[in-house]
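A.B. asks: need a structure here:
(chains A, B, C and D)
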Number of protein chains: 2
Amino acid sequence: MLNIGDVARQGGVSVETLRYYEQQGLIETPDRDANGYRKYAPEVVRHIQFIKRAQDVGFTLRGIGDLLSLKADPGASCRDVRDRALGKLSEIEEKIDVLSRMRDVLSTWTNACPSTGPVSACPILDALEARKGPANADR
Amino acid sequence: MLNIGDVARQGGVSVETLRYYEQQGLIETPDRDANGYRKYAPEVVRHIQFIKRAQDVGFTLRGIGDLLSLKADPGASCRDVRDRALGKLSEIEEKIDVLSRMRDVLSTWTNACPSTGPVSACPILDALEARKGPANADR
DNA sequence: CTTGACCCTAAAGTATACTACAGGGGTTAC
DNA sequence: GTAACCCCTGTAGTATACTTTAGGGTCAAG
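C.D. replies: Numbering: from 1, shown residues only, chains lettered A, B, ... in the order given. The predicted structure is shown next:
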(Lines give C-alpha, C1' and ligand atoms only; values in the text may rest on other atoms or scores of the structure.)
Protein backbone atom coordinates (compact mmCIF):
# COMPACT_ATOMS: atom_id res chain seq x y z
CA MET A 1 0.00 0.00 0.00
CA LEU A 2 1.17 3.44 -0.90
CA ASN A 3 0.99 6.81 0.76
CA ILE A 4 -0.22 9.73 -1.29
CA GLY A 5 3.34 10.98 -1.71
CA ASP A 6 4.42 7.66 -3.21
CA VAL A 7 1.56 7.71 -5.67
CA ALA A 8 2.35 11.29 -6.57
CA ARG A 9 5.99 10.49 -7.31
CA GLN A 10 5.16 7.37 -9.28
CA GLY A 11 2.36 9.00 -11.18
CA GLY A 12 4.21 12.20 -11.91
CA VAL A 13 1.67 14.50 -10.29
CA SER A 14 1.59 16.48 -7.05
CA VAL A 15 -0.17 15.28 -3.91
CA GLU A 16 -2.45 18.28 -4.22
CA THR A 17 -3.44 17.14 -7.67
CA LEU A 18 -4.28 13.69 -6.33
CA ARG A 19 -6.50 15.13 -3.64
CA TYR A 20 -8.08 17.31 -6.29
CA TYR A 21 -8.76 14.32 -8.55
CA GLU A 22 -10.31 12.50 -5.65
CA GLN A 23 -12.51 15.47 -4.88
CA GLN A 24 -13.55 15.60 -8.53
CA GLY A 25 -14.45 11.94 -8.51
CA LEU A 26 -11.73 10.88 -10.93
CA ILE A 27 -10.13 8.46 -8.52
CA GLU A 28 -11.89 6.32 -5.98
CA THR A 29 -11.99 7.48 -2.40
CA PRO A 30 -9.11 5.54 -0.85
CA ASP A 31 -9.23 3.74 2.46
CA ARG A 32 -7.59 5.44 5.39
CA ASP A 33 -4.95 4.28 7.80
CA ALA A 34 -5.45 4.52 11.55
CA ASN A 35 -3.78 7.94 11.42
CA GLY A 36 -6.10 9.17 8.71
CA TYR A 37 -3.59 8.85 5.89
CA ARG A 38 -4.88 7.75 2.48
CA LYS A 39 -3.67 4.27 1.55
CA TYR A 40 -3.53 3.40 -2.14
CA ALA A 41 -3.23 0.14 -4.00
CA PRO A 42 -0.39 0.25 -6.56
CA GLU A 43 -2.95 0.04 -9.40
CA VAL A 44 -3.93 3.62 -8.80
CA VAL A 45 -0.72 4.76 -10.48
CA ARG A 46 -1.92 3.24 -13.73
CA HIS A 47 -5.21 4.96 -13.25
CA ILE A 48 -3.47 8.31 -12.95
CA GLN A 49 -1.53 7.67 -16.09
CA PHE A 50 -4.80 7.00 -17.86
CA ILE A 51 -5.93 10.44 -16.81
CA LYS A 52 -2.72 12.06 -17.92
CA ARG A 53 -2.76 10.39 -21.33
CA ALA A 54 -6.35 11.38 -21.88
CA GLN A 55 -5.36 14.96 -21.05
CA ASP A 56 -2.50 14.71 -23.50
CA VAL A 57 -4.92 14.05 -26.32
CA GLY A 58 -7.16 16.91 -25.32
CA PHE A 59 -9.77 15.54 -22.94
CA THR A 60 -10.89 17.76 -20.08
CA LEU A 61 -11.25 16.27 -16.63
CA ARG A 62 -14.98 16.22 -17.15
CA GLY A 63 -14.55 14.25 -20.35
CA ILE A 64 -12.14 11.93 -18.64
CA GLY A 65 -14.68 11.29 -15.93
CA ASP A 66 -17.11 10.33 -18.63
CA LEU A 67 -14.57 7.99 -20.20
CA LEU A 68 -13.89 6.40 -16.83
CA SER A 69 -17.60 5.78 -16.34
CA LEU A 70 -17.77 4.00 -19.67
CA LYS A 71 -14.74 1.99 -18.76
CA ALA A 72 -16.40 0.85 -15.56
CA ASP A 73 -19.73 0.12 -17.17
CA PRO A 74 -20.05 -3.46 -18.49
CA GLY A 75 -23.06 -2.39 -20.52
CA ALA A 76 -21.13 0.25 -22.39
CA SER A 77 -19.80 -0.47 -25.82
CA CYS A 78 -16.64 0.30 -27.63
CA ARG A 79 -18.68 2.54 -29.89
CA ASP A 80 -19.45 4.83 -26.96
CA VAL A 81 -15.75 5.37 -26.38
CA ARG A 82 -15.12 5.86 -30.04
CA ASP A 83 -17.87 8.46 -30.19
CA ARG A 84 -16.21 10.45 -27.44
CA ALA A 85 -12.91 10.23 -29.25
CA LEU A 86 -14.44 11.31 -32.54
CA GLY A 87 -16.15 14.20 -30.82
CA LYS A 88 -12.87 15.31 -29.33
CA LEU A 89 -11.19 14.85 -32.66
CA SER A 90 -13.55 17.24 -34.37
CA GLU A 91 -13.21 19.77 -31.57
CA ILE A 92 -9.48 19.67 -32.09
CA GLU A 93 -9.80 19.98 -35.84
CA GLU A 94 -12.01 22.98 -35.33
CA LYS A 95 -9.40 24.60 -33.11
CA ILE A 96 -6.72 23.86 -35.65
CA ASP A 97 -8.83 25.52 -38.34
CA VAL A 98 -9.31 28.65 -36.27
CA LEU A 99 -5.64 28.83 -35.42
CA SER A 100 -4.64 28.20 -39.01
CA ARG A 101 -6.71 31.12 -40.12
CA MET A 102 -5.06 33.31 -37.50
CA ARG A 103 -1.68 32.10 -38.65
CA ASP A 104 -2.45 32.89 -42.29
CA VAL A 105 -3.57 36.39 -41.49
CA LEU A 106 -0.61 37.12 -39.23
CA SER A 107 1.73 35.65 -41.77
CA THR A 108 0.34 37.86 -44.51
CA TRP A 109 0.62 40.90 -42.32
CA THR A 110 4.15 40.29 -41.14
CA ASN A 111 5.24 39.70 -44.71
CA ALA A 112 3.68 42.99 -45.72
CA CYS A 113 5.58 44.87 -43.05
CA PRO A 114 8.85 46.45 -44.14
CA SER A 115 9.90 46.49 -40.48
CA THR A 116 11.45 49.88 -40.97
CA GLY A 117 9.89 53.24 -40.45
CA PRO A 118 7.62 54.64 -37.77
CA VAL A 119 4.42 53.07 -36.50
CA SER A 120 2.48 55.77 -38.25
CA ALA A 121 3.08 53.89 -41.48
CA CYS A 122 2.70 50.35 -40.20
CA PRO A 123 0.71 48.05 -42.44
CA ILE A 124 -0.09 45.75 -39.54
CA LEU A 125 -1.69 48.52 -37.51
CA ASP A 126 -3.44 49.64 -40.66
CA ALA A 127 -4.85 46.19 -41.16
CA LEU A 128 -6.10 46.11 -37.60
CA GLU A 129 -7.87 49.41 -38.07
CA ALA A 130 -9.28 48.77 -41.49
CA ARG A 131 -12.99 48.40 -42.15
CA LYS A 132 -12.45 44.84 -43.29
CA GLY A 133 -11.07 42.45 -40.73
CA PRO A 134 -10.06 38.87 -41.33
CA ALA A 135 -12.89 36.42 -41.82
CA ASN A 136 -13.38 35.52 -38.23
CA ALA A 137 -14.90 32.11 -37.77
CA ASP A 138 -15.96 32.18 -34.18
CA ARG A 139 -15.99 34.49 -31.16
CA MET B 1 -21.31 62.23 -28.95
CA LEU B 2 -22.41 58.74 -28.09
CA ASN B 3 -23.68 57.08 -24.98
CA ILE B 4 -22.11 53.82 -23.94
CA GLY B 5 -25.08 51.89 -25.31
CA ASP B 6 -24.63 53.44 -28.75
CA VAL B 7 -20.95 52.54 -28.77
CA ALA B 8 -21.77 49.03 -27.65
CA ARG B 9 -24.28 48.52 -30.45
CA GLN B 10 -22.04 50.01 -33.11
CA GLY B 11 -18.98 48.18 -31.88
CA GLY B 12 -20.67 44.85 -31.43
CA VAL B 13 -19.83 44.46 -27.75
CA SER B 14 -21.79 44.80 -24.52
CA VAL B 15 -21.74 47.90 -22.36
CA GLU B 16 -20.18 45.83 -19.60
CA THR B 17 -17.38 44.91 -21.95
CA LEU B 18 -16.78 48.57 -22.70
CA ARG B 19 -16.58 49.43 -19.03
CA TYR B 20 -14.25 46.50 -18.59
CA TYR B 21 -11.99 47.68 -21.41
CA GLU B 22 -11.90 51.10 -19.86
CA GLN B 23 -10.98 49.63 -16.52
CA GLN B 24 -8.23 47.62 -18.20
CA GLY B 25 -6.86 50.73 -19.83
CA LEU B 26 -7.68 49.64 -23.38
CA ILE B 27 -9.85 52.62 -24.10
CA GLU B 28 -9.34 56.14 -22.85
CA THR B 29 -11.34 57.29 -19.88
CA PRO B 30 -14.22 59.14 -21.54
CA ASP B 31 -15.52 62.51 -20.43
CA ARG B 32 -18.71 62.53 -18.44
CA ASP B 33 -21.95 64.32 -18.93
CA ALA B 34 -23.50 66.36 -16.15
CA ASN B 35 -25.44 63.26 -15.12
CA GLY B 36 -22.29 61.17 -14.94
CA TYR B 37 -22.90 59.30 -18.19
CA ARG B 38 -19.87 58.49 -20.32
CA LYS B 39 -19.79 60.45 -23.56
CA TYR B 40 -17.82 59.02 -26.45
CA ALA B 41 -16.54 60.47 -29.69
CA PRO B 42 -17.58 58.36 -32.69
CA GLU B 43 -13.92 57.38 -33.27
CA VAL B 44 -14.03 55.08 -30.30
CA VAL B 45 -16.04 52.58 -32.35
CA ARG B 46 -13.06 52.16 -34.67
CA HIS B 47 -10.87 51.71 -31.65
CA ILE B 48 -13.06 48.90 -30.40
CA GLN B 49 -12.90 47.22 -33.76
CA PHE B 50 -9.14 47.38 -33.57
CA ILE B 51 -9.34 45.47 -30.30
CA LYS B 52 -11.72 42.92 -31.75
CA ARG B 53 -9.59 42.29 -34.81
CA ALA B 54 -6.49 41.90 -32.73
CA GLN B 55 -8.36 39.34 -30.66
CA ASP B 56 -9.41 37.57 -33.81
CA VAL B 57 -5.79 36.96 -34.73
CA GLY B 58 -4.95 35.70 -31.27
CA PHE B 59 -3.81 38.65 -29.20
CA THR B 60 -4.77 38.75 -25.54
CA LEU B 61 -6.03 41.99 -24.06
CA ARG B 62 -2.64 42.46 -22.48
CA GLY B 63 -0.95 42.10 -25.84
CA ILE B 64 -3.46 44.45 -27.39
CA GLY B 65 -2.65 47.04 -24.75
CA ASP B 66 0.96 46.68 -25.73
CA LEU B 67 0.08 47.17 -29.39
CA LEU B 68 -1.96 50.24 -28.54
CA SER B 69 0.98 51.73 -26.68
CA LEU B 70 3.18 51.26 -29.71
CA LYS B 71 0.51 52.80 -31.88
CA ALA B 72 0.43 55.86 -29.68
CA ASP B 73 4.18 56.16 -29.37
CA PRO B 74 5.77 58.31 -32.10
CA GLY B 75 9.17 56.87 -31.18
CA ALA B 76 8.08 53.30 -31.81
CA SER B 77 8.92 51.66 -35.08
CA CYS B 78 7.11 49.40 -37.40
CA ARG B 79 9.58 46.72 -36.43
CA ASP B 80 8.26 46.74 -32.88
CA VAL B 81 4.80 45.93 -34.13
CA ARG B 82 6.13 43.31 -36.47
CA ASP B 83 8.01 41.68 -33.60
CA ARG B 84 4.82 41.37 -31.60
CA ALA B 85 3.06 39.88 -34.60
CA LEU B 86 5.88 37.42 -35.22
CA GLY B 87 5.88 36.42 -31.58
CA LYS B 88 2.17 35.77 -31.70
CA LEU B 89 2.61 33.89 -34.94
CA SER B 90 5.05 31.46 -33.40
CA GLU B 91 2.82 31.01 -30.36
CA ILE B 92 0.02 30.08 -32.70
CA GLU B 93 2.18 27.72 -34.69
CA GLU B 94 3.20 26.03 -31.48
CA LYS B 95 -0.42 25.54 -30.53
CA ILE B 96 -1.18 24.16 -33.96
CA ASP B 97 1.66 21.68 -33.58
CA VAL B 98 0.41 20.47 -30.23
CA LEU B 99 -3.13 20.13 -31.53
CA SER B 100 -1.96 18.37 -34.66
CA ARG B 101 -0.20 15.78 -32.59
CA MET B 102 -3.36 15.25 -30.57
CA ARG B 103 -5.34 14.94 -33.75
CA ASP B 104 -2.97 12.35 -35.18
CA VAL B 105 -3.11 10.23 -32.06
CA LEU B 106 -6.89 10.41 -31.80
CA SER B 107 -7.23 9.68 -35.45
CA THR B 108 -5.06 6.59 -35.17
CA TRP B 109 -7.02 5.40 -32.20
CA THR B 110 -10.45 5.93 -33.67
CA ASN B 111 -9.37 4.11 -36.82
CA ALA B 112 -8.18 1.18 -34.74
CA CYS B 113 -11.52 0.90 -32.99
CA PRO B 114 -13.97 -1.59 -34.49
CA SER B 115 -16.75 0.32 -32.70
CA THR B 116 -18.45 -2.94 -31.89
CA GLY B 117 -18.10 -5.06 -28.80
CA PRO B 118 -17.89 -4.19 -25.12
CA VAL B 119 -15.58 -1.63 -23.57
CA SER B 120 -13.58 -4.44 -22.06
CA ALA B 121 -12.02 -4.93 -25.50
CA CYS B 122 -11.69 -1.31 -26.53
CA PRO B 123 -8.43 -0.41 -28.22
CA ILE B 124 -8.83 3.24 -27.29
CA LEU B 125 -9.12 2.52 -23.60
CA ASP B 126 -6.23 0.10 -24.00
CA ALA B 127 -4.13 2.81 -25.55
CA LEU B 128 -4.95 5.16 -22.70
CA GLU B 129 -3.88 2.56 -20.18
CA ALA B 130 -0.79 1.34 -21.95
CA ARG B 131 2.69 1.94 -20.62
CA LYS B 132 3.53 4.00 -23.66
CA GLY B 133 1.54 7.15 -24.17
CA PRO B 134 1.70 9.47 -27.14
CA ALA B 135 4.79 11.62 -27.34
CA ASN B 136 3.47 14.54 -25.36
CA ALA B 137 5.16 17.76 -26.27
CA ASP B 138 4.23 20.01 -23.41
CA ARG B 139 2.17 20.04 -20.22
C1' DC C 1 -46.21 60.94 -12.74
C1' DT C 2 -45.23 56.60 -13.76
C1' DT C 3 -43.30 53.17 -16.84
C1' DG C 4 -39.57 51.43 -19.44
C1' DA C 5 -35.19 52.02 -21.18
C1' DC C 6 -30.90 53.67 -20.08
C1' DC C 7 -26.97 54.93 -17.07
C1' DC C 8 -23.85 54.43 -12.64
C1' DT C 9 -20.58 51.74 -9.10
C1' DA C 10 -18.51 47.94 -6.77
C1' DA C 11 -18.16 43.32 -5.97
C1' DA C 12 -18.80 38.66 -7.02
C1' DG C 13 -19.39 34.82 -10.26
C1' DT C 14 -17.99 31.80 -14.51
C1' DA C 15 -14.88 28.04 -16.51
C1' DT C 16 -10.60 25.00 -16.05
C1' DA C 17 -7.12 22.64 -13.58
C1' DC C 18 -4.74 23.17 -10.48
C1' DT C 19 -1.50 25.66 -6.72
C1' DA C 20 -0.83 27.90 -2.43
C1' DC C 21 -1.77 28.89 2.22
C1' DA C 22 -3.11 28.57 7.03
C1' DG C 23 -3.15 25.81 10.85
C1' DG C 24 -2.40 21.44 12.91
C1' DG C 25 -1.03 16.40 13.73
C1' DG C 26 2.01 12.02 12.71
C1' DT C 27 6.52 9.63 11.90
C1' DT C 28 11.40 8.73 11.73
C1' DA C 29 16.24 9.24 12.70
C1' DC C 30 19.69 10.95 15.63
C1' DG D 1 13.17 15.44 22.22
C1' DT D 2 13.68 17.81 18.37
C1' DA D 3 14.47 18.49 13.54
C1' DA D 4 12.98 17.21 9.05
C1' DC D 5 9.57 15.40 6.50
C1' DC D 6 5.17 13.47 5.74
C1' DC D 7 0.05 13.71 6.19
C1' DC D 8 -4.66 16.13 7.11
C1' DT D 9 -8.64 19.78 6.15
C1' DG D 10 -10.62 23.79 4.26
C1' DT D 11 -10.32 27.94 1.91
C1' DA D 12 -8.45 31.10 -1.21
C1' DG D 13 -5.68 32.37 -5.14
C1' DT D 14 -4.10 32.00 -10.31
C1' DA D 15 -5.05 33.29 -15.38
C1' DT D 16 -8.38 35.21 -19.00
C1' DA D 17 -12.18 37.88 -20.56
C1' DC D 18 -15.91 38.77 -19.46
C1' DT D 19 -20.92 38.35 -17.23
C1' DT D 20 -23.92 38.80 -13.40
C1' DT D 21 -25.78 40.78 -9.35
C1' DA D 22 -27.10 44.27 -6.10
C1' DG D 23 -28.58 48.61 -5.34
C1' DG D 24 -29.62 52.92 -7.08
C1' DG D 25 -29.99 57.33 -10.09
C1' DT D 26 -31.61 59.54 -15.08
C1' DC D 27 -34.40 60.40 -19.02
C1' DA D 28 -38.09 60.49 -22.62
C1' DA D 29 -42.81 59.29 -23.69
C1' DG D 30 -47.60 59.27 -22.70
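A.B. asks: How about stretch A:83-92 and chain B, touching?
C.D. replies: Yes: using Cβ under 8 Å from any Cβ of the partner chain, stretch A:83-92 reaches chain B at A:85-86, A:88-89, A:92. Just so you know, the C-beta spots here come from the backbone N, C-alpha and C atoms, and that holds for glycine as well.
A.B. asks: meant to ask about stretch A:66-77
C.D. replies: Yes: judged by Cβ under 8 Å from any Cβ, stretch A:66-77 and chain B are in contact via A:67, A:70-71, A:73-74, A:76-77.
A.B. asks: Run through the residues that contact the nearest residue to A:Cys78 once chain neighbours are set aside.
C.D. replies: Using Cβ to Cβ, 6 or more residues apart in numbering or on different chains and skipping residues adjacent in sequence, the residue nearest A:Cys78 is B:Cys122, 4.4 Å away. By Cβ atoms under 8 Å, 6 or more residues apart in numbering or on different chains, the contact list for B:Cys122 reads A:78, A:81-82, B:113.
A.B. asks: Got the confidence number for A:Pro134?
C.D. replies: The confidence metric pLDDT takes the value 47 at A:Pro134.
A.B. asks: So A:Asp73 versus A:Ile27, what's the distance?
C.D. replies: Separation of A:Asp73 from A:Ile27 (Cβ to Cβ, to the nearest Å) stands at 17 Å.
A.B. asks: Start from the N-terminal end of chain A and give the strands.
C.D. replies: Along chain A, counting by DSSP state E, strands occupy A:31-32, A:38-39.
A.B. asks: So A:Leu68 is in contact with A:Leu26, correct?
C.D. replies: Yes: between A:Leu68 and A:Leu26 there is a contact at 6.7 Å, judged by Cβ atoms under 8 Å.
A.B. asks: returning to that earlier point: let me have the strands of chain A in JSON lines, extended by mean pLDDT and distance to B:Tyr37.
C.D. replies: Compiled in JSON lines, those are given as follows (pLDDT from 0 to 100; distance: least, Cβ to Cβ, whole Å):
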{"stretch": "strand A:31-32", "mean pLDDT": "95", "distance to B:Tyr37": "61"}
{"stretch": "strand A:38-39", "mean pLDDT": "96", "distance to B:Tyr37": "58"}
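A.B. asks: phi, psi of the residue minimising distance to the centre of chain A?
C.D. replies: Central residue of chain A (Cα atoms, centre = their mean): A:Gly58, 4.1 Å from the mean position. Here the main-chain torsion angles of A:Gly58 (degrees, to the nearest 10) amount to phi 110, psi 0.
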